[in-house]
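Q: here's my sequence, what's the structure:
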Amino acid sequence: MQSDLRKKLMEAFSNAEGSFISGQEIADHIGCSRTAVWKHIEELRNEGYTLEAVRKKGYRIVSAPEKITSNEIQLGLKSKVLGQHIHYEETVDSTQKIAHQLATDGAPEGTIVLAEEQTGGKGRLMRPWHSPKYSGIWMSTILRPQIAIHQAPQLTLLAAVAVVKAVKEVSGLQPHIKWPNDLLLNKKKITGILTEMQAESDQIHSVIIGIGINVNQQTEDFPEDLRDKASSIFIEGQNRISRANLVQAVLYHLEELYFLYLKEGFAPIKEQWEAYAISLGQQIKATTIHSVIVGKALGITDAGVLLLEDEDGKVHSVYSADIEV
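A: Have a look, this model is predicted:
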């Protein structure tokens, strides 16, 4: 009940678009007394919000804390399903672990888990993911698609396209995708995506998409052994951006593409993924568990499998590999 009231309060401020909104208008919107409104306003101040109160005008939010709490996300959220339920933590081992538990407990589709810091974040192939506090986005989203199990990997590629669109919208920078789901700026990694599934033999219960985005880190925030491989939006663009705005943009584009996918299938997603891919048409090296393949990247299949044509004209299907462009 408390979270519903808070959500309505943030909606009221969002609808006001920076203008003053009277205490009575807020009370009417959230369905409580003027005294209760004052208590909610004080709670926002205690959380780091700066609010201006003017007699006969009401209240307006002047500034918000740097944290990306559920309040920050819901203030101006455009997605209708994704982000409507938010589980926020300061520090977690992994947002994926929490999302798995929430999904098992019946959390609705669109629930997100958001943390300021991960101490045990993992990327693809279970590699550690460096997730320092107050600088990036560490988020997991629960989806419950009615699709066949073999189609689930397509959602990883869909998420990559959504994050490209969101980063471009908020920062003006154009990332490229390195197969299957790494986002690069100036050939350095800024985003990793990990998709995991809860399913039985013939039915998907949930797909959990973990997204890690390096947003406002400076060079010294990365371990020395990562500085030539990893970067952040701030380093590449020399401009700090609002992490909350970027989360909102990711959720909006992820929802838009997800509903498109459920309606029209993978074809429109595949077309956009290939448009953003850095490696298509180029000679690349794919190191798999069993071999090293050098060849021209032709594209991806509907299952997200990378097709490589070697110098003898043989086309190889690459399901999992480290890619060097």
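
Q: show residues contacting stretch 79-93.
A: Contact with stretch 79-93 is made by 68-70, 73-74, 77, 98-99, 102, 107-120, 133, 138, 141, 247-248, 251-252, 254-255, 258, as judged by CB atoms under 8 Å, 6 or more residues apart in numbering. Quick note: C-beta positions are derived from backbone N, CA and C, even for glycine.

Q: show me the contacts for residue 14.
A: Shown in contact with residue 14 (CB under 8 Å, 6+ apart): 74, 75, 76, 77.

Q: kindly recompute the last result at 7 Å.
A: By CB atoms under 7 Å, 6 or more residues apart in numbering, residue 14 lies in contact with 75, 76.

Q: re earlier: which of the contacts of stretch 79-93 fall within helices?
A: Filtering the contacts of stretch 79-93 for membership in helices, criterion DSSP state H, returns 70, 73-74, 98-99, 102, 247-248, 251-252, 254-255, 258.

Q: from these, which two are the most distant?
A: Greatest spatial distance in those: 98 and 252, 22.7 Å, computed using CB to CB.

Q: before we move on, back to that, so which of the ones in helices among the contacts of stretch 79-93 wins on neighbours?
A: residue 254 (28 neighbours; other CB atoms under 10 Å).

Q: can you report how many residues lie near the nearest residue to it once chain neighbours are set aside?
A: Of all residues not flanking residue 254 in the chain, residue 162 sits nearest, at 4.0 Å (CB to CB, 6 or more residues apart in numbering). By other CB under 10 Å, 27 other residues sit near residue 162.

Q: was I right to think residue 162 contacts residue 257?
A: Yes. Counting by CB atoms under 7 Å, residue 257 is a contact partner of residue 162 at 5.3 Å.

Q: what's around residue 323, how many residues?
A: Neighbours of residue 323 (other CB under 10 Å): 18.

Q: for it, which three-state class applies?
A: strand (DSSP: H, G, I helix; E, B strand; the rest coil).

Q: which strand residues bridge it?
A: Counting by DSSP bridges, residue 323 forms beta bridges with residue 286.

Q: re earlier: dump the ones in helices among the contacts of stretch 79-93 to JSON lines, plus distance to residue 266 and pLDDT.
A: Output for the ones in helices among the contacts of stretch 79-93, formatted as JSON lines (distance: CB to CB, whole Å; pLDDT from 0 to 100):
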{"residue": "70", "distance to residue 266": "32", "pLDDT": "86"}
{"residue": "73", "distance to residue 266": "28", "pLDDT": "92"}
{"residue": "74", "distance to residue 266": "31", "pLDDT": "88"}
{"residue": "98", "distance to residue 266": "29", "pLDDT": "97"}
{"residue": "99", "distance to residue 266": "24", "pLDDT": "98"}
{"residue": "102", "distance to residue 266": "27", "pLDDT": "98"}
{"residue": "247", "distance to residue 266": "25", "pLDDT": "97"}
{"residue": "248", "distance to residue 266": "26", "pLDDT": "97"}
{"residue": "251", "distance to residue 266": "21", "pLDDT": "98"}
{"residue": "252", "distance to residue 266": "20", "pLDDT": "98"}
{"residue": "254", "distance to residue 266": "15", "pLDDT": "98"}
{"residue": "255", "distance to residue 266": "17", "pLDDT": "98"}
{"residue": "258", "distance to residue 266": "12", "pLDDT": "98"}
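
Q: of the residues you listed, which is the nearest to residue 284?
A: Lowest distance from residue 284 to these (CB to CB) belongs to residue 254, with 27.1 Å.

Q: can you show me the helices along this protein?
A: In the chain, helices defined by DSSP H lie at 2-16, 23-30, 34-46, 70-74, 95-104, 154-171, 233-237, 243-264, 267-276, listed in chain order.

Q: quick one, which of these is nearest to residue 58?
A: Put simply, out of the helices of the chain the one that sits nearest residue 58 is helix 23-30, at 5.8 Å, with distance taken as CB to CB.
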